[in-house]
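In: Need a 3D model of the following:
(one chain, ligands or ions: 1)
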Amino acid sequence: MKQQVPVSYSEQVTVAIAIQNLSFSYQDRLNVLQNIHLNVRAGERVGLIGPNGSGKTTLFLLTCGVLKPTAGKILLFNKPIVVGEFRPEIGLVFQNPNDQLFLPSVRDDIAFGPENMGLSAIEVEERIQEAVSLTGVQNLVERVPHNLSGGEKCMVAIAGVLAMRPQLVLYDEPSANLDMRSRRRLIQFLQKSQQTMMISSHDLELILEVCDRVLLLNQGQIIADGDPCDVMGDQLLMEAHGLEKPFSLTTR
Ligand SMILES: Nc1ncnc2c1ncn2[C@@H]1O[C@H](COP(=O)(O)OP(=O)(O)OP(=O)(O)O)[C@@H](O)[C@H]1O
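Out: Numbering: from 1, shown residues only. Predicted coordinates for the structure are as follows:
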């Protein structure tokens with residue numbers, strides 16, 4: 001299993017996320033994350049697995065600057081995260097697309113980010129066209145987001161994030177509620193994506209197909225960090241943390 005190695009000075013430019021001594025408590029729920037150390041290099045595709053309530057979403061909200069760490073710090077492309085500061089280089093795709101889609105049309109929802117970056121109307125339109133083409137939702141642009149199917153909403157929510165041209169995308173449970181065909185489309189999309197990514201998911205087969213590294217989080221601590229086949233193929237480790245070895249690894 002890979003060990004997390006300290007990042008040397010010469011490597012620092014390639015580090016997308018550097019998390020140091022991170023701890024977090026909610027007001028009424030203490031020690032949700034405890035002393036997390038993590039480096040994600042640019043270009044990595046990192047899966048984040050762990051049982052319900054292990055702290056995956058909380059880690060994403062801290063990484064995006066939505067929540068303030070109780071202790072420790074987070075650097076994004078070598079610059080500290082400041083709570084509430086807009087950082088277009090990072091995008092978060094929410095677990096529930098309904099939390100992200102709230103405007104009268106898909107076009108408006110996708111334009112929302114670029115417009116708030118102060119781009120001109122022409123640049124906003126370019127961003128919309130690019131994002132809908134990457135996600136394959138060209139035919140949905142004039143639709144009302146509220147009326148879309150779960151799979152359609154998922155891809156539109158991703159388009160809204162990509163329209164900001166983030167270098168790093170955090171996907172929180174992207175395959176939840178998708179049927180087989182939509183899930184397959186999502187996997188193919190993620191495999192082709194160019195950005196550095198972290199994907200939190202209970203869909204371990206998706207992680208196996210998309211990610212080159214996986215983190216196992218439990219009770220707010222990183223229990224394992226390594227090659228997805230090695231970590232998820234370890235039945236004892238998986239079962240000790242409330243997870244199952246994925247079916248496709250059962251013959252290993
Ligand atoms: N706003 C909040 N206030 C208080 N406690 C919270 C809040 N949000 C989450 N928690 C608690 O923090 C812990 C971690 O929650 P989190 O949503 O980060 O876990 P998760 O690993 O993403 O879970 P799941 O797999 O179920 O989505 C849980 O015990 C949860 O109840």
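In: Do a quick rundown of the strands in this structure.
Out: 15-26, 29-41, 45-49, 71-76, 79-80, 90-93, 168-172, 196-200, 213-218, 221-226 (DSSP state E).
In: now those in CSV, with distance to the ligand?
Out: In this view, the C-beta of every residue, glycine as well, is placed from N, C-alpha and C. CSV is the format used below for the strands of the chain (distance: least, Cβ to the nearest ligand atom, whole Å):
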stretch, distance to the ligand
strand 15-26, 3
strand 29-41, 4
strand 45-49, 8
strand 71-76, 15
strand 79-80, 22
strand 90-93, 13
strand 168-172, 7
strand 196-200, 6
strand 213-218, 7
strand 221-226, 12
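In: what about those strands, which gets the closest to Pro246?
Out: The closest of these to Pro246 is strand 45-49. By Cβ to Cβ, the value is 10.0 Å.
In: partners of the closest one, with directions?
Out: Each strand paired with strand 45-49, and its direction, by DSSP bridges: strand 196-200 (parallel), strand 213-218 (parallel).
In: Including mean neighbour count, could the ones you listed go into JSON lines?
Out: Shown next, in JSON lines, are the strands paired with strand 45-49 (neighbours: other Cβ atoms under 10 Å):
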{"stretch": "strand 196-200", "mean neighbour count": "25"}
{"stretch": "strand 213-218", "mean neighbour count": "22"}
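In: what about those, which gets the closest to Leu22?
Out: Comparing those by Cβ to Cβ, strand 213-218 comes nearest, at 11.9 Å.
In: which stretch among the strands of the chain comes nearest Met117?
Out: Comparing the strands of the chain by Cβ to Cβ, strand 90-93 comes nearest, at 12.0 Å.
In: Which elements pack onto that closest one?
Out: Packing partners of strand 90-93 (3 or more Cβ pairs under 8 Å, 6 or more residues apart in numbering; DSSP states H and E): helix 56-63, helix 150-162, strand 168-172.
In: mind running it again at 10 Å?
Out: When contacts are defined as 3 or more Cβ pairs under 10 Å, 6 or more residues apart in numbering; DSSP states H and E, strand 90-93 packs onto helix 56-63, helix 150-162, strand 168-172, strand 196-200.
In: rank these by mean pLDDT and give me the bottom one.
Out: Of all these, the minimum mean pLDDT falls on helix 150-162 (a mean of 92).
In: how about that one as CSV, C-alpha atoms only?
Out: C-alpha atoms of helix 150-162 as CSV (Å, rounded to 0.1, in the frame of the first residue of the first chain):
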residue,chain,number,x,y,z
GLY,A,150,-32.1,12.5,-12.3
GLY,A,151,-29.4,11.6,-14.9
GLU,A,152,-30.0,14.8,-16.9
LYS,A,153,-29.8,16.9,-13.7
CYS,A,154,-26.5,15.2,-12.8
MET,A,155,-24.9,16.1,-16.1
VAL,A,156,-26.3,19.6,-16.1
ALA,A,157,-24.9,20.2,-12.6
ILE,A,158,-21.5,19.0,-13.8
ALA,A,159,-21.8,21.3,-16.8
GLY,A,160,-22.4,24.2,-14.4
VAL,A,161,-19.2,23.5,-12.6
LEU,A,162,-17.1,22.9,-15.8
